[in-house]
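Asker: Show me how the following folds:
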Amino acid sequence: MEKPFEVFATEKGQIVIPAALRAKYGIKKGTKILIFDFDGEINLAPQTVEHRRKIIANLRGSLKGSGLLKAHMEDRAREIEKEEKELAEWKAKKTSRV
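Answerer: Alright, predicted model coming up:
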């Protein structure tokens, strides 16, 4: 873990994010930052394209081998089969009325 930065809050509760962290996370004027309150700690999460790309890159392959894709594809195949059956029944009813 990196050494923490020490900053001081103004009377209004404002703080300055150190330049090194702003550069690291691509924070510029107007950058949206989410603030989370977790068990007595305040966490900041910048919402920048660069930061999101890093998060996605870190997640790539994390589910590999878990079988989730196979399970999803099997579920979807069952749904399609059910939908095709319902469509065929609907068409049969429609043609029997004519």
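
Asker: CA only for contacts and neighbour counts going forward, please
Answerer: OK.

Asker: so what's Leu34 closest to, chain neighbours aside?
Answerer: Leaving aside its sequence neighbours, Leu34 sits nearest to Ala45 (C-alpha to C-alpha, 6 or more residues apart in numbering; 5.0 Å).

Asker: Which residues does the worst-scoring helix or strand of the chain on mean pLDDT contact?
Answerer: Lowest mean confidence among the helices and strands of the chain (mean pLDDT, DSSP states H and E): helix 49-59, at a mean of 83. The contact list for helix 49-59, computed with C-alpha atoms under 8 Å, 6 or more residues apart in numbering, reads Tyr25, Gly26.

Asker: Identify the single longest helix in the chain, thanks.
Answerer: helix 68-97 (DSSP state H).

Asker: From the chain's centre, how far out is the least confident helix or strand of the chain? Work that out for me.
Answerer: From the chain centre to the centre of helix 49-59 is a distance of 10 Å (C-alpha atoms, centre = their mean, to the nearest Å).

Asker: just stretch 25-36 next, same as before
Answerer: Relative to its parent chain, stretch 25-36 has a centroid offset of 16 Å by C-alpha atoms, centre = their mean.
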